[in-house]
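In: have a look at this prediction, sequence included:
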Amino acid sequence: QVSALLHKTCVCVFERPIDNAAKMWELTPNAIMDIVTGKDISQPVLQVLGIKKLAGGETAAPAPGAAPKPDRYRLQLSDGVYKQQSAMLATQLNNLVLEERIQKHGIIRLDKFICNQISGKRIVIILSAEVLAGDTGSQIGSPVSLKDDGTLESGGPAPVAAAPAPAAVHTPAPAPAAASAAAAVAQPSYRQAHPTSPPTSNPYARARPQDHMRDAAMGGGDSHSQPISSLNIYNQRWTIRVRVTKKGDMRNWSNAKGSGKLFSVDLLDESGEIRATAFNETAEQLYDRFEVGKVYTISGGKLKTKQGNFSHGSCHYDLTFNEGTTIQEVTNAAGLPLQKFDFKSFDDFLNMDCSSGSRGCFVDVLAVITEVNPCSTIVIKSSGREVTKREISLMDNKSQVISCTLWDKEAENFEAMGGAVGVVIAGKGFKLSDFGGRSLSCSSNSTLLVNPDLPEAHALMGWYESVGRTTSGNKMSVKQAGGGFGGNDARIVIRDIKDKSLGTRSDGKADNFTIKGTITFIRAENCLYKACPKEECNKKVVESVSGDKPYRCEKCNDDFDNFKWRLMLSVTVSDWSGQVWTTCFQETGESIVGMGTNELGNLKETNQAAFQAKLNEALFKPWVMRCRAKQETWNDEVRVKVSTMTANPLDYKNECQYLITEIKKYL
């Protein structure tokens, strides 16, 4: 019975339909040779001979900015005649290994890859690949390893592979004769019989003539270009075909390293966006070359990790144009969108971290204008520059209303652009802040479109005409009306400053309140300065150039032999609900430190260690502080500044009486 069962089972195995075993694959001839020697190669089909996991720190090409670095996988690839020992899988493709889709002796097609020289060794970095087959059972052919110059590791010139010939897929445990026959084929093949998707040009290599003709016929654009999303700092030879969606004005810059000019452009293709900046002579040469809406091919420049405060495109890098940058206008705009948006609902804003320490809190907005205020001007304290701003209110399709501030040209030209109540706008790169609960800001780095021709905009206008026009809306920004908070410096917890939007009154007045908290940090830098000795003047003095007297007050336009110290402490105060930065001037600072300002200033100049120790004495002690909150503008950003008017050590007897009174309110 056992023999009959085994015979029956064996018959079932060998009598299976041969369609599955007849699948044919064809490895790309000389693919490894072409890759190693830098020749053109389009979507090579290769066999995986080995997979090795490397810890994040072991790989030669770690993911930029990753902490901790992710694991990487190294593949050994073969075309049946040659093999490549060091092919690194990009981290975004790790799931192909983790899900066991890439297997030893499996077949893959490289769709996007680059070959770099790293530490004297050629490394193939696989950016995109398609798995064509799993484990095929055994190695195809007898591939040999190549050096970087295309010669055999064993010495001598590399043989030329024969033309590909189809061969059957190996089944597990093949017969010896079948295995010998497979090994005897000069260039084995393992391509599937049914047609695969048409290959596209490798974006990292110079396209072959036939590939270029195919791309032109399909309207795909320049076959030499690669998508923005594939740019990386390990490959500095690239070309992108992009549309200019925004061009900034030529601006002057100045810092400790010098001064000069700069301008920026936002570039877009079907895969993503990137911001490019040109400086000084390069800026002057390239500024007139760019026009918004036109398409260009760009090659050359320096890629660096994106700085979230200045750029908010989808690419992980920013581009800096230099003397090696080449720009050419092209007429083929096929496949390139006019603009890309990632619109967020106003409800989503409530869950975003938009504190002052958060970077990259930029959003795309689609909304209807419900209120437009006239322009006003303010003076930036840091630079003395006068800027224009305009406040508008926006409503989304859920009747949520948020305040938005337009700055400079966006504010001045808003009405000329068609901005008015009942008009739909689309905003890209608007800064989201927690000023006034939640608010938006549109600056020179943002893009503002009035009445955009977008399906979402038409749908929103339809909703507004039928529903929204008669809806008052729910304001996300809480404004205080009437007198100061509580009318008598009411006791609050620190979290209430933000939750109740203190300091953001529409009449511009301050809100006064009292908090009980512990000072946890005192900033020692710049807490003291030398001021004019006149009693009525507290202006900072500078070194006199006359030489007769050492100090000069620009406000009084006079020179002096001496000065007076002024104290301006910046401290953090914490309670159970949170913490806040507050500024303590002169007398308030003296009560916290427990020392007069002149004495403290002399201590700072004569004994820095003792000065720091004196500041530390005030830490981690409870205080009752009367504070005021008021909005101010700093670097084109509106924020709430908290100042402390008086600070007294906690009186436990009075505090207990206060708590008893508060408890009785709930009895």
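Out: That came through fine.

In: so what's Lys39 up against?
Out: Applying C-beta atoms under 8 Å, 6 or more residues apart in numbering, we find Lys39 in contact with Met33. Backbone N, C-alpha and C define where each C-beta goes, glycine included.

In: make that Gly419, sorry
Out: With C-beta under 8 Å, 6+ apart, Gly419 has these contacts: 369, 372, 392, 425, 450.

In: Ile107 now?
Out: 25, 27, 45-48, 131-133, 136, 190.

In: pull out the buried residues from the residues you listed.
Out: Buried members of these, scored by 16 or more other C-beta atoms under 10 Å, are 25, 27, 45-48, 132-133, 136, 190.

In: hang on, the earlier thing: now, the contacts of Gly419 that are in strands?
Out: Counting by DSSP state E, those place 369, 372, 392, 425, 450 in strands.

In: quick check: bridge partners of the first one?
Out: With DSSP bridges applied, Ile369 shows beta-bridge pairing to Leu394.

In: ok, now how distant is it from Lys431?
Out: 18 Å (C-beta to C-beta, to the nearest Å).

In: more neighbours, the two?
Out: Lys431 (24 against 20; other C-beta atoms under 10 Å).

In: surely that one touches Phe362?
Out: Yes. Using C-beta atoms under 8 Å, Lys431 is in contact with Phe362, at 6.0 Å.

In: so what does Lys653 have for phi and psi?
Out: phi -70, psi -50 (degrees, to the nearest 10).

In: next one: Val144
Out: phi -120, psi 150.

In: contacts for stretch 534-546 next, please.
Out: Applying C-beta under 8 Å, 6+ apart, the contact partners of stretch 534-546 are 529-532, 550-556, 559-560, 563, 566.

In: out of these, which end up buried?
Out: By 16+ other C-beta under 10 Å, these give 530-532, 551-553, 559-560, 563, 566 as buried.

In: farthest pair within those residues?
Out: Using C-beta to C-beta, the two most remote members of the buried ones among the contacts of stretch 534-546 are Asp559 and Arg566, lying 18.6 Å apart.

In: residues near Ser259, how many?
Out: Ser259 has 9 nearby residues by other C-beta under 10 Å.

In: skipping its backbone neighbours, what lies nearest it in space?
Out: For Ser259, ignoring the flanking residues on the chain, the nearest one in space by C-beta to C-beta, 6 or more residues apart in numbering is Trp253 at 6.4 Å.

In: what secondary structure does that neighbour sit in?
Out: On the three-state scheme (DSSP: H, G, I helix; E, B strand; the rest coil), Trp253 is labelled strand.

In: isn't it up against Lys261?
Out: Yes. Judged on C-beta under 8 Å, Trp253 makes contact with Lys261 at a distance of 7.2 Å.

In: what touches both of the two?
Out: With C-beta under 8 Å, 6+ apart, Trp253 and Lys261 have common neighbours Phe279.

In: quick one, which of the two is more surrounded?
Out: Using other C-beta under 10 Å as the criterion, Trp253 and Lys261 rank with Lys261 on top: 16 against 12.

In: mind telling me what element the more buried one is part of?
Out: Assigned by DSSP states H and E, Lys261 falls within strand 258-269.

In: any idea which helix or strand comes after that strand?
Out: strand 272-279.

In: following that next one, which helix or strand shows up next?
Out: Defined by DSSP H and E, the subsequent element after strand 272-279 is helix 280-286.

In: what's the next secondary structure element after that next one?
Out: That would be, after helix 280-286 and using DSSP H and E, strand 295-299.

In: let's see the helix or strand that that next one is followed by as PDB, backbone CA atoms only.
Out: Downstream of strand 295-299, the next assigned helix or strand under DSSP H and E is strand 302-305. Taking C-alpha atoms only, strand 302-305 is exported to PDB below (Å, rounded to 0.1, in the frame of the first residue of the first chain):
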ATOM      1  CA  LYS A 302      24.700  71.500  -5.000                       C
ATOM      2  CA  LEU A 303      22.100  69.400  -3.100                       C
ATOM      3  CA  LYS A 304      21.900  69.800   0.600                       C
ATOM      4  CA  THR A 305      19.400  68.700   3.300                       C
END
